[in-house]
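Enquirer: pasting a predicted model and its sequence here:
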Amino acid sequence: MSVTGNAPQRSLIDRWSSVSLARRITIAAGIWGLFVLIGGALALSAVYRAQTLVLVEQDLQETLITLSRELIREEAFLPDGRITNTDRDLFPSDARFQTQYSGQYWAVVAVNPDFSIAGDFRSKSLWDEDVPIPPDLISRAVSSPGVTQFGNYDGPAEQRSRVAVQAILIENRQTPLILMAASDRTPNDIAATRFRNLLIGTMVALFGGVFAAMLLGIRYSLNPLARLQSDVARVREGEAQKLEGDYPSEVRPLTEELNKLIEHNREVVERARTHVGNLAHALKTPLAVLKNEAAGQTQLDDVVRRQATAMQTNVEHYLKRARMAARAETIGARTDVRPVVEGLARLLNRLFDAKGIEVTVEGSGTAIFRGEQQDFEEMVGNLMENACKWAATEVKVTITDSPQGLTLDVEDDGKGLSAQEREAAMQRGVRLDETTPGTGLGLSIVKELAELHKGRLELGEAALGGLRATLRFTRP
């Protein structure tokens, strides 16, 4: 169960690990930027809304103070604590208190012992509506006389109002009086919403500009890595020997280590070549001595000669393969294809002139083989020579260079091979015609060498009527 549960998490981690640096930075910066800017916009709008509410509450508090002062100055209370029929026009003189449902209201409310409203003395703006005081607000005000309590209430004309109430104790009165001031907060809410939308729009536009500038900055900052990739490709393709140029201090240690790695690779290949050469010379002499010593006509001499010849053939094959493998690992080796093929064609035209064989070359003149010239000559030379041996009059080499890779077709107008014979021909040591000189190693060496260079050898029927040998090398 634990393995199954962790599998999706590992898969997600693997996918994130393969994401490019630029995309990682962009995603992280984009998420963080949106969070900061939109979160900041919402926070600022909340502060603005709270500040407007504070201003409303301050205005309501001033109305309560004015209301209590006018009650005292007008001598509105009887000895038993009741309110006289005082002219309400003498109370807070703001014109809005005189206009019906203007959004500004005040009231002096008498309450029963159970905190229900017993009666009220109100502004004209309140008209005949119920006094907009929630019961819980009355209870809080009575429990803390002299302290202003604030709340929200759906007031007259379905106005969302901010209500301020304050309980005052009157001598000879059993229950306190409740002073109420209310204000329609709809305009403030609309202004706060408008400010929030404007702020969010501004922040989003700012984020777009900052994000675009950040993308340009990321692109500029990662340019050295793109140049490093290009320079490494040039070294691999043989256009440069090492990484050169000025790199930022953060990238320079990497380029220095890569140059050391390239140089180390060359040294290893050179040492391998030296060791292979030394081994070849060390084995050739003992094998030659064995063959010379077995020059007699006895059965033992015949066995020794045949085994020495077989050993020499195998030694030459594996030494050649070792040399090819060492050269195939060389970084930066490249060979111009057309000049090499044309040189081999001129040589073979002279060698097989007496047989009437003509070798022609067609195709791309700019094709490049990613490897050493010696290996390329070994492969193509074997195929062209083999074609000349079996051709009647013509051998054609076609060079094709495409975005997918390099292709060389060597065709002859000989009798060709069947499907079974083509399969057997690429096996090491197999000779389909014992009357033709050779060791039977040619096509197998070409096949192995092509595979060392990430390519392959294919045999098929030629348009000329004989055998077509095709070398294919895909782009790295």
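Expert: Received the coordinates, thanks.
Enquirer: what helix or strand is residue 210 located in?
Expert: If you go by DSSP states H and E, residue 210 is part of helix 186-221.
Enquirer: ditto for residue 52
Expert: helix 21-73.
Enquirer: which residues touch residue 155?
Expert: Each residue near residue 155 by Cβ atoms under 8 Å, 6 or more residues apart in numbering is listed here: 105, 129, 132, 161, 163, 182, 184. C-beta coordinates here come from the backbone N, C-alpha and C atoms, glycine included.
Enquirer: ok, now with 7 Å
Expert: 132, 161, 182, 184 (Cβ atoms under 7 Å, 6 or more residues apart in numbering).
Enquirer: can you pull the contacts of the last one?
Expert: Taking Cβ under 7 Å, 6+ apart as the definition of contact, the neighbours of residue 184 are 103, 155, 159, 161.
Enquirer: that older thread, most neighbours of all the contacts of residue 155, which one?
Expert: residue 182 (29 neighbours; other Cβ atoms under 10 Å).
Enquirer: look up phi and psi at that one.
Expert: phi -140, psi 150 (degrees, to the nearest 10).
Enquirer: what do you get for residue 368?
Expert: Per degrees, to the nearest 10, the backbone of residue 368 is at phi -120, psi 140.
Enquirer: that one reaches residue 338, doesn't it?
Expert: No. Assessed by Cβ atoms under 7 Å, residue 368 is found out of contact with residue 338, at 9.9 Å.
Enquirer: next step: the contacts of residue 155 restricted to helices.
Expert: Among those, no member falls in helices (DSSP state H).
Enquirer: keep only those of these that are in strands.
Expert: 161, 182, 184 (DSSP state E).
Enquirer: could you find the closest non-adjacent residue to the last one?
Expert: Distances taken as Cβ to Cβ, 6 or more residues apart in numbering place residue 103 nearest to residue 184, at 3.2 Å, with adjacent residues excluded.
Enquirer: quick one: that neighbour from residue 194, how far?
Expert: 18 Å (Cβ to Cβ, to the nearest Å).
Enquirer: coming back round to it: just how off-centre is the helix holding residue 52 within its chain?
Expert: Computed by Cα atoms, centre = their mean, to the nearest Å, the chain-centroid distance of helix 21-73 equals 38 Å.
Enquirer: swap in stretch 101-116?
Expert: 65 Å.
Enquirer: mind listing what's buried in it?
Expert: Using 16 or more other Cβ atoms under 10 Å as the test for burial, stretch 101-116 gives 102, 103, 104, 105, 106, 107, 108, 109, 110, 111, 115.
Enquirer: residue 387 against residue 408, yeah?
Expert: No. The pair formed by residue 387 and residue 408 falls short of the contact definition of Cβ under 7 Å, at 11.7 Å.
Enquirer: more neighbours: those two, which one.
Expert: Neighbour count, other Cβ under 10 Å: between residue 387 and residue 408, residue 387 has more, with 28 against 25.
Enquirer: wait, is the more buried one part of a helix?
Expert: Yes. Judged by DSSP: H, G, I helix; E, B strand; the rest coil, residue 387 forms part of a helix.
Enquirer: for it, give me its contacts.
Expert: Contacts of residue 387 by Cβ under 7 Å, 6+ apart are 395, 410, 412.
Enquirer: per-domain residue ranges of this structure.
Expert: 77-187, 252-327, 334-474 (automatic domain parsing).
Enquirer: ok, of those, where does mean pLDDT dip lowest?
Expert: Set side by side, the domains of the chain give their lowest mean pLDDT on domain 252-327, at a mean of 73.
Enquirer: hmm, back to that, quick check, nearest of the contacts of residue 155 to residue 225?
Expert: residue 184 (61.8 Å; Cβ to Cβ).
Enquirer: so where do the strands sit in the stretch 151-300 of the chain?
Expert: 160-168, 177-184 (DSSP state E, counting those that start in this stretch).
Enquirer: partner strands of the shortest one, with direction?
Expert: This points to strand 177-184. strand 104-111 (antiparallel), strand 160-168 (antiparallel) (DSSP bridges).
Enquirer: I'd like these laid out as a markdown table, including distance to residue 454.
Expert: Listed next are these as a markdown table, based on distance: least, Cβ to Cβ, whole Å:
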| stretch | distance to residue 454 |
| --- | --- |
| strand 104-111 | 87 |
| strand 160-168 | 76 |
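Enquirer: nearest to residue 459, out of those strands?
Expert: strand 160-168 (89.1 Å).
Enquirer: the closest one to helix 21-73, inter-axis angle?
Expert: Between strand 160-168 and helix 21-73, the angle comes out at 40 degrees (axes from the mean of the first three to the mean of the last three Cα atoms, to 10 degrees).
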